[in-house]
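Novice: Just a sequence and a predicted model for now, questions to come.
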Amino acid sequence: MTTPIMPDDPHAFLQALMRNDFRAFLRKAFASIRGGAEIAWNWHLDAIACQLGRIESGDNRHLLVTMPPRNLKSITISVAWVAWMLGRDPRRNFVCVSYSNELSAKLARDCLTLMQTHWYRELFPHTMISPRRSAISDFETTAGGGRLATSLTGTLTGRGGDIVIIDDPIKPEEANSETTRNNANEWFRSTLASRLDDKGAGAVVVVMQRLHQFDLAGMLIEGGGWHELSLPAIAIANEAIPLCGRRVRIRRPGDVLHPEREPLEVLESLRRLMGPLNFDAQYQQQPVPADGNIIKADWLQMCEAGFDPAAEPGQVIQSWDTASKDGPTSDWSVCVTAHVWRGRVRILDVFRARLTFPELETAYIELARRFRPATILVEDAASGMQLIYSMRAKRPGRVPLPVPRKPDVDKLSRVIGMSGQIAAGQLLLPADAPWLGAFRSELLGFPRMRHDDQVDALSQLMNWVLVQEAFDRYEVSAGPILFVHHGDGTTEIIGDNDGIFSSGHDLTDDPWGPAD
């Protein structure tokens, strides 16, 4: 057993720790701001601290943090981190912006009060508030740094900073106002973008809850160039989130962000109270249009859990859309698993992850053995092409070989093509699936979402079902089948039970084109 070594001077040790580790400082700062209350520490504060450390070091200059309300985002970033950074370098200038003067003044007051405490002045003796400018919303240090608080309706004429922080740019109640959203986005483009004193070294931090598909975060994500730390209240996909000290937090679908403060039952109660659209935006960081774009919300049919495909007629089909490359901002590799019977598609599972190619091979085999599909569709492009060749060469046991699918039309046309099936109630989604929120958001938000890999995998599956149903009407009976179109208008159907069939019916309008 290792005996802990106590420092000779615990007070000096704690002082040094708070000067050099923002997390230690945040614990002390929270107690000062909240009248001695102890912070309910959670890993997400570690994740935020990790990204703020990259801002301080210059490794990143554009940080977007999206997270649910009431999870200490403002105290952490707009109050404690600003105070800590001014303590470490009182020459820094901050511009802090919120949706109203009242909110920005409240955060400024907390920051100034914190910097005037005895323990802070003892911790950072060289950081002093200048008597020449000590207003709550606009104070300076004697070294020339400071903190300016303003709002979207305030003025920044002639003022700039080294770091700009935007904390909740619009009120939740005004999120559905197109005018309000456009004003906030235009204000960022025309006013704030030029406020950095050194545009080559300055940084911008945006922290907010998602409110609408076209809010400021949506605009920044679409434009690219931002590192996004997205912290949904209930995890949507497998994710590895960097923490301080080269650690990571692994989140699985269904994991709760901060169960000590908001357990799953509380979040589900909030979902019912707020409605799924508001909850998905503010708590899940997945805003979608109220009624959907191409696919409408009221078309989506929900079903209960507990379905056993092995006990029912029909087939299990898997559809893969693989990413062209792996990386923290690349597309996802997605496998949609469904039970299909008489044109009705019941989604059983949606697997979604960023994978290296060896991991993709492993996932293909594991999901096939888990769900025992009759047919596995793989888009014949990029890493999908590589996966097809690999599985054909390796031929793993108890795993169907992939059926290649090559789209001949664009994504938009393919989604329009499956919209009739969905509108007719042919798509069923399990109401309690942990992946449902992200899947539903992407489906309703297409084509205006950042990622569309789940939509791609689904459209590939739905089209396969549609074409198979067309052949069923011509009394062609086959099990897992592969369609090969010929120039004379005939289609060769390769089945795994009855050999090769030929139909004279012209079905060359299959938007996914020939299989080979």
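Specialist: That came through, no problem.

Novice: Sketch out the low-pLDDT regions of the stretch 351-500 of the chain for me.
Specialist: Scanning the stretch 351-500 of the chain for pLDDT under 70 picks out 470-500.

Novice: How about the chain?
Specialist: The chain contains residues with pLDDT under 70 at 1-6, 157-158, 193, 326-330, 470-516.

Novice: What about the closest residue to L192 other than its chain neighbours? Give its phi and psi, please.
Specialist: Nearest in space to L192, with sequence neighbours left out and distances taken as C-beta to C-beta, 6 or more residues apart in numbering, is V164 at 6.2 Å. No exception for glycine: its C-beta is placed from N, CA and C like everyone else's. V164 adopts backbone torsions of phi -110, psi 130, taken as degrees, to the nearest 10.

Novice: now V164: how far from H62?
Specialist: Distance, V164 to H62, using C-beta to C-beta, to the nearest Å: 10 Å.

Novice: What of D321?
Specialist: Distance, D321 to H62, by C-beta to C-beta: 29 Å.

Novice: now do T356
Specialist: Using C-beta to C-beta, T356 is found at 27 Å from H62.

Novice: Over to R405?
Specialist: Per C-beta to C-beta, R405 is found 38 Å from H62.

Novice: ok, now A37?
Specialist: In terms of C-beta to C-beta, A37 sits 33 Å off from H62.

Novice: The top helix by length along the chain - contacts with which helices or strands?
Specialist: Ranked by residue count, the top helix of the chain under DSSP state H comes out as helix 453-473. Helix 453-473 is packed against strand 315-321, strand 333-341, strand 344-353, strand 375-379, helix 411-423, helix 436-445, strand 481-485, with contacts defined by 3 or more C-beta pairs under 8 Å, 6 or more residues apart in numbering; DSSP states H and E.

Novice: List the buried residues of it.
Specialist: 453-468, 470-471 (16 or more other C-beta atoms under 10 Å).

Novice: Could you tell me the angle between that helix and strand 315-321?
Specialist: With axes from the mean of the first three to the mean of the last three C-alpha atoms, to 10 degrees applied, the angle from helix 453-473 to strand 315-321 works out at 140 degrees.

Novice: let's have the chain start at 501 instead
Specialist: I'll keep to 501 as the first residue from here, and by that count the last item is helix 953-973.

Novice: Spatially central residue in the chain, please.
Specialist: Among the residues of the chain, the one closest to the centroid is S730, at 5.3 Å (C-alpha atoms, centre = their mean).

Novice: List phi and psi for that residue.
Specialist: In terms of degrees, to the nearest 10, the main-chain angles of S730 are phi -100, psi 130.

Novice: Bridge partners for it, pull those for me.
Specialist: Beta bridges link S730 to T566 when assigned by DSSP bridges.

Novice: Pretty sure it sits against Q784.
Specialist: No. With contact defined as C-beta atoms under 8 Å, S730 does not count as touching Q784 (9.4 Å).

Novice: Which one, of the helices and strands packed on helix 953-973, ends up nearest to D610?
Specialist: The closest of these to D610 is helix 936-945. By C-beta to C-beta, the value is 33.3 Å.

Novice: on contacts alone, who are the packing partners of that closest one?
Specialist: Partner elements for helix 936-945 (3+ C-beta pairs under 8 Å, 6+ apart): helix 776-782, strand 844-853, strand 927-930, helix 953-973.

Novice: Out of the helices and strands packed on helix 953-973, which gets nearest to D791?
Specialist: helix 936-945 (8.0 Å).

Novice: what's that closest one in contact with?
Specialist: Contacts of helix 936-945 with the rest of the structure, by C-beta atoms under 8 Å, 6 or more residues apart in numbering, involve 713, 732, 734, 736-737, 780, 784, 786-789, 792-793, 795-797, 800, 847, 850, 852, 929-930, 933, 949, 951-952, 954-955, 958.

Novice: Please convert the buried members of those into PyMOL selection syntax.
Specialist: Selecting only the buried entries of the contacts of helix 936-945 in PyMOL, with 16+ other C-beta under 10 Å as the criterion:
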select buried, resi 713+732+734+736+737+780+784+786+787+788+789+792+793+795+800+847+850+852+929+930+933+949+951+952+954+955+958
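
Novice: can you count the residues close to S598?
Specialist: Residues within reach of S598, counting by other C-beta atoms under 10 Å, total 27.

Novice: okay but it is in contact with V579, surely?
Specialist: No. Applying C-beta under 8 Å as the test, S598 and V579 come out as separate, 11.8 Å apart.

Novice: Common neighbours of the two, please.
Specialist: Residues touching both S598 and V579 by C-beta under 8 Å, 6+ apart: L607.

Novice: Report the secondary structure state of the spatially closest residue to A868 that is not a sequence neighbour.
Specialist: Nearest residue to A868, sequence neighbours excluded (C-beta to C-beta, 6+ apart): V899, at 4.4 Å. With DSSP: H, G, I helix; E, B strand; the rest coil as the basis, V899 sits in coil.

Novice: ok, how many other residues are close to V899?
Specialist: By the measure other C-beta under 10 Å, the count of residues near V899 is 18.

Novice: Quickly note the distance from it to R749.
Specialist: From V899 across to R749, the span is 32 Å (C-beta to C-beta).

Novice: what do you get for P742?
Specialist: 8 Å.

Novice: Over to F688?
Specialist: With distances taken as C-beta to C-beta, F688 is found 30 Å from R749.

Novice: which one of the two has more residues nearby?
Specialist: The residue with more neighbours, out of F688 and R749, is F688; 20 against 15, by other C-beta under 10 Å.

Novice: I figured that one hits R681, correct?
Specialist: No. F688 is beyond contact range of R681, at 11.1 Å (criterion: C-beta under 8 Å).

Novice: where do the contact lists of the two overlap?
Specialist: Shared contacts of F688 and R681, defined by C-beta under 8 Å, 6+ apart, are found at L716.

Novice: care to break the protein down by domain?
Specialist: Structural domains annotated on the chain: 510-783, 797-973, as defined by the TED database.

Novice: End to end on the first one, go ahead and measure it.
Specialist: It refers to domain 510-783. With C-alpha to C-alpha, to the nearest Å applied, domain 510-783 spans 40 Å between its terminal residues.

Novice: Show the contacting residues for K911.
Specialist: Neighbouring residues of K911 by C-beta under 8 Å, 6+ apart: P947, D952, V955, D956, S959.

Novice: Could you point out which of those is nearest to S883?
Specialist: Of all the contacts of K911, S883 sits closest to D956, with 13.1 Å by C-beta to C-beta.

Novice: what sits against the residue nearest to the centre of the chain?
Specialist: Taking C-beta under 8 Å, 6+ apart as the test, what S730 contacts is T566, M567, Q785.

Novice: List the contacts of G646.
Specialist: The contact partners of G646, by C-beta under 8 Å, 6+ apart, come to L586, N593, F594, S630, R633, D638, F639, E640.

Novice: Tell me which two in those residues are the farthest apart.
Specialist: Spatial extent of those (C-beta to C-beta) is set by the pair F594 and S630 at 14.8 Å.

Novice: Settle it for me: which of the two has more neighbours?
Specialist: Taking other C-beta under 10 Å, F594 and S630 do not tie; F594 has more neighbours (23 against 15).
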